[in-house]
Structures are given as structure tokens and as C-alpha cells.
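J.: got a structure for you, letters missing:
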């Protein structure tokens, strides 16, 4: 079942499924369809994608590079947690900020996005 608590969980997962599907990542849409949890809108999107009426938006090279960088930042922090279990996450975030020369918000966004996958 959906992992988000509350009465909005199904709606939020459906919206996320549709948004990701339009961007070309149909894995969540596929899982929801297979599990029988897909909404009518998700079913319509899947049909449109299969019939070729809708083409997923292609990502530009700079978007792909930014995604790769966010993944590296998240993996850097998570590797630090595995190798140094007693170290606080804030210290690891500070190290990542310095290492990658990015603001704290970008490190936290990277971690959040990494966990969703």
C-alpha cells in the first residue's frame, strides 16, 4: 500500500506518479497500475503513453548533470553515516556543503530526493 500516512496519501502518490510519468520515469506509475491502486487519471496517462499520444518530456543535459550531482551529494552524506555511525548528520551535511560547495538546502534536498527513489 502507499507509504505516506493520512487521508491524502493516495492522492499524493497519484500526483507524483503522473508527474514522474510525464517526465519519463514510469516506474511508480507501473507499480501503481500493477498493484491496482492507479486512479482514472493515471490509467489515462498510461494509455496515452502506450499509444504514443503523449511523449515524455526529454531532460536536458544540464538537468541530468544536476541530478547526478544531487545523487553524489546524498551518497556522500549517507556513506559518511555508514562509515562513522557516531557522527551527527549535521556535521556530515556541513562536510558535504564544504566538499561540494553547495548550500545546506541543496544538501537536504539531495537527501530527500535520494530517499524517494
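T.: Great, that's in hand. The structure displayed is predicted, hence computed values, not measured ones.
J.: make it CA atoms for all contacts and neighbour counts henceforth
T.: Noted.
J.: State which helix of this structure is the longest.
T.: helix 61-83 (DSSP state H).
J.: how's the chain carved up into domains?
T.: 9-51, 61-116 (automatic domain parsing).
J.: hang on, residue 18 packs against residue 29?
T.: Yes: applying C-alpha atoms under 8 Å as the test, residue 18 and residue 29 come out as touching, 7.0 Å apart.
J.: now the helices for the protein?
T.: Under DSSP H, the chain gives helices at 9-22, 27-35, 40-51, 61-83, 89-100, 104-116.
J.: Any chance of those helices in CSV with mean neighbour count as columns?
T.: Below are the helices of the chain laid out as CSV (neighbours: other C-alpha atoms under 10 Å):
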stretch, mean neighbour count
helix 9-22, 18
helix 27-35, 16
helix 40-51, 15
helix 61-83, 15
helix 89-100, 16
helix 104-116, 15
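J.: can you list the domains of the chain in CSV and add mean pLDDT?
T.: Formatted as CSV, those follow (pLDDT from 0 to 100):
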stretch, mean pLDDT
domain 9-51, 88
domain 61-116, 88
